[in-house]
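[1] Sequence first, predicted coordinates after that:
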Amino acid sequence: MAITATPIATDLVLVLDNGVGASGQALTKSRKYGDVKTSAVNDDIYSVGQSISGLQTKSLVAIQRKDTVEIEDI
């Protein structure tokens with residue numbers, strides 16, 4: 001049994017600082033940007049995330065890459 005993984009989607013996610021909650025915990029807000037090429041390298045995704053974060057009013061906490069793959073038995 002051979003399992004294959006086929007990339008079907010990649011998203012760029014910016015995690016932004018959204019203040020502090022009532023009990024003192026850090027709050028974040030995520031902004032998702034889709035239609036990223038599945039073949040994009042991490043350095044390029046990070047660079048784009050840095051550029052987009054400069055347009056945000058909230059402080060950047062993290063840049064994330066979310067890959068969706070379809071796995072199947074062939």
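    Thanks, I have the structure now.

[2] Quick one: residues contacting the spatially closest residue to Met1 that is not a sequence neighbour.
    Closest residue to Met1 apart from its sequence neighbours, by C-beta to C-beta, 6 or more residues apart in numbering: Asp73 at 5.7 Å. Every residue, glycine included, has its C-beta placed from N, CA and C. Applying C-beta atoms under 8 Å, 6 or more residues apart in numbering to Asp73 gives the contacts 1-3.

[3] Just want the most central residue of this structure.
    Residue closest to the mean C-alpha point of the chain, counted by C-alpha atoms, centre = their mean, is Val13 at 2.7 Å.

[4] That one touches Ile63, doesn't it?
    Yes: using C-beta atoms under 8 Å, Val13 is in contact with Ile63, at 7.5 Å.

[5] helix/strand/coil for Ser51?
    helix (DSSP: H, G, I helix; E, B strand; the rest coil).

[6] quick one: it from Thr28, how far?
    Separation of Ser51 from Thr28 (C-beta to C-beta, to the nearest Å): 20 Å.

[7] and what of Leu14?
    On the measure of C-beta to C-beta, Leu14 and Thr28 end up 10 Å apart.

[8] Compare neighbour counts for those two and give me the winner.
    More crowded of Leu14 and Thr28, by other C-beta atoms under 10 Å: Leu14, with 21 against 14.

[9] I believe Val48 is in a strand; please confirm or correct that.
    No: applying three-state DSSP, one finds Val48 to be helix, outside a strand.
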